[in-house]
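> the sequence and its predicted three-dimensional model are supplied below.
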Amino acid sequence: MVDWLGLAVPFAYLGILIGSLATFSSLYRKRKAAKASTLTPWFPFHLQRDIYFSLLHLEPSTSSSSKEKKSPAVPETVLKAALLRRATEAIDRVMVIREQKQALALLLQRGSVGDDLWQRFLRAEKEMEDEFRDVVSEANSYVPSWGHTIFQSAKEMATNSTFRQRIEEHQSTLTEEREWWNRKKASIQEGFMKELEQEGTRGGSNTKNSSSATTAGQSTEAPAVPSPTNGSDDDAVLVESGGPAVVGTSTSGGGKKKKKGKK
Amino acid sequence: MASSNGLDSFTQYPLELDPTTKAITLSPDSEQNEVINAELKSLNLLHRALVGLERPNVPPPPLPINPKRSAQITKLRDTANTAYRKSNYPEAIKLYGYAIEMAITRPAWEPLSLVREELSGLYANRAQAHMAQRTWPDGWVDSKCSIECKNAGNAKGWWRGGKCLVEMGRWEEARSWVQRGLEAEDKSGDGAKELVSLMAEIEKGLKRQG
């Protein structure tokens, strides 16, 4: 009898110990889970996925209101396109995750980033895995064995779109480059004309005959320096008309003003 | 439970389907959103591309490639080349433009390597036609695109870009550009030699300038 009482003490001790540990662990886990769920997701939101599901859910409402019931409101091709867009976005995200994983693991090891960030990252990774599986099964439900190739296609689409964007960027600089070049060409021509007129007036102070000779000589040379595109025609006309000293000074003044305005 | 929230739920958008064109749009009476509209636009584009396919209306695997478009592009390029050889540069530029258009509007699921290969040649050729017309900025932009498509084994593209910059008097840019070209190209090839001589010209030009 005394033995039971003696035994109760260690049992009670063990019971309290285990009980307190269990409550602590469950509380801790609950809090951690709650914290994880409040963490902001890694990627803002999956727009393509949302659209895909919105389309899926669009069917019943419109079919009941206006369309006859036998044909679905959203054609299957639209859903397929939406699924492809979803797969493309998934590929993009997986690329991002792969890129970031190593760097993030390193930062975590060094203690440069908090555990929260790592948790968010792991969650995003897991979500992406599920997303992949989901897309493949959806694809197979439309066309058997499409699941095998959908991500191949999606990958090409992702790389293609980035490539095309870059080409577009290059091509969009074209007008800017053209404008720059036209301005530069104009300034080259102006500079050339000024030189020409200076020489012309210098020659004019000496003798009239020699001045006309130099200007004539220059005017034939003039179009050779700037590129002979559309601009060069007006240029040649200007040079010819600018031959006489009086007209020449007025045009050169205009040229100077233009230049100042540009700077 | 709460952590799987992101996978079990989604945001429902007020979408509408145009019954004739099958285009998806946000309902007009709902709040408009730039991002969603852009996404729906690309979705509709993709949808039109899918409808153009044979049944079952899913993109075929990237390989093998449908040879039709490649043949058309080659044909356009050849006519453009003949126009160039006859010194009919505006015509050549126009035809190269068509070929480029055709190559760049290839269905997006076709392999990118093929698009790059085609476009690098087409852009380089159009750059040359622009250079023959002395429209340097156009030539420069096309050379940039050509290099963007394919930067190794594209000495012509590097050279043409460098030449355009030289002609526009942008020596510093030309030097760094040709430098990059020399790094990307095989040193023993003919193209590299031409790049080296262009580099010498650039150095001379830089000295002259200041």
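On my side now, so go ahead. As the structure is a computational prediction, the values presented were derived from the model and not from experiment.

> residues touching A:Q171, list them.
B:141, B:145 (CB atoms under 8 Å, 6 or more residues apart in numbering or on different chains). For every residue, glycine as well, the C-beta is placed using N, CA and C.

> in the one helix or strand it maps to, what's buried?
Using DSSP states H and E, A:Q171 sits within helix A:146-172. Judged by neighbour count using 16 or more other CB atoms under 10 Å in any protein chain shown, the buried positions of helix A:146-172 are A:146-147, A:149-160, A:163-164, A:167, A:170-171.

> same thing with stretch A:102-114?
Buried residues in stretch A:102-114 (16+ other CB under 10 Å): A:104, A:113.

> give me the mean pLDDT for it.
Stretch A:102-114 carries an average pLDDT of 86.

> quick one, what contacts the closest residue in space to A:D115 that isn't next to it in sequence?
The shortest distance from A:D115 to any non-neighbouring residue, by CB to CB, 6 or more residues apart in numbering or on different chains, is to A:L108 (7.7 Å). Counting by CB under 8 Å, 6+ apart, A:L108 touches A:115, A:117-118.

> which of those residues fall in helices?
A:115, A:117-118 (DSSP state H).

> now the buried members of those residues.
For the ones in helices among the contacts of A:L108, buried by 16+ other CB under 10 Å: none.

> quick check: domain ranges of chain B?
B:15-26+B:36-52, B:67-209 (the TED database).

> what comes up buried for the first one?
So the one you mean is domain B:15-26+B:36-52. Residues of domain B:15-26+B:36-52 classed as buried by neighbour count (16+ other CB under 10 Å): B:15-17, B:22-26, B:36, B:39-40, B:43-44, B:46-47, B:49-50.

> and that domain with chain A, contact?
Yes: applying CB under 8 Å from any CB of the partner chain, one finds domain B:15-26+B:36-52 in contact with chain A at B:15, B:17, B:19, B:22, B:24, B:36, B:39-40, B:42-44, B:46-47, B:49-51.

> quick one: mean pLDDT for that domain?
77.

> mind checking the end-to-end distance for it?
23 Å (CA to CA, to the nearest Å).

> which residues in the chain form helices?
Reading this off chain A. Secondary structure of chain A by DSSP H: the helices cover A:2-38, A:47-65, A:76-110, A:115-142, A:146-172, A:174-206, A:208-221, A:230-241, A:245-262.

> that was the other one, I meant chain B.
Using DSSP H, helices in chain B cover B:5-8, B:34-51, B:67-85, B:89-104, B:112-132, B:136-149, B:155-167, B:171-184, B:190-209.

> worst mean pLDDT among these?
Looking at the helices of chain B, the bottom one is helix B:5-8 with a mean of 55.

> show me where chain A dips below the pLDDT cut-off.
Low-confidence segments of chain A (pLDDT under 70): A:1-2, A:36, A:39, A:59-73, A:202-263.

> which ones are touching the spatially closest residue to A:V136 that is not a sequence neighbour?
The shortest distance from A:V136 to any non-neighbouring residue, by CB to CB, 6+ apart, is to A:G147 (4.0 Å). A:G147 is in contact with A:135-137, A:139-140, counting by CB under 8 Å, 6+ apart.

> nearest to chain B among these?
A:A139 (7.8 Å; CB to the nearest CB).

> okay, that closest one and B:L43: tell me how far apart.
A:A139 is 16 Å from B:L43, where distance means CB to CB, to the nearest Å.

> ditto for A:A22
According to CB to CB, A:A22 stands 52 Å off from B:L43.

> now do the contacts for A:L107.
A:V113.

> would you check that B:R126 makes contact with B:G97?
Yes: contact criterion CB atoms under 8 Å: B:R126 and B:G97 qualify, at 6.9 Å.

> so those two - more neighbours on which side?
B:R126 (28 against 15; other CB atoms under 10 Å in any protein chain shown).

> what's the burial count for the nearest residue to that one once chain neighbours are set aside?
In space, and not counting its chain neighbours, B:R126 is closest to B:Y96: 3.9 Å by CB to CB, 6+ apart. Neighbourhood size, B:Y96 [other CB under 10 Å]: 28.

> cool, and A:Q48?
Here the number of neighbours of A:Q48 (other CB under 10 Å) works out to 21.

> test my guess that it contacts A:A81.
No: look at A:Q48 against A:A81 with CB under 8 Å: they stay out of range, at 10.4 Å.
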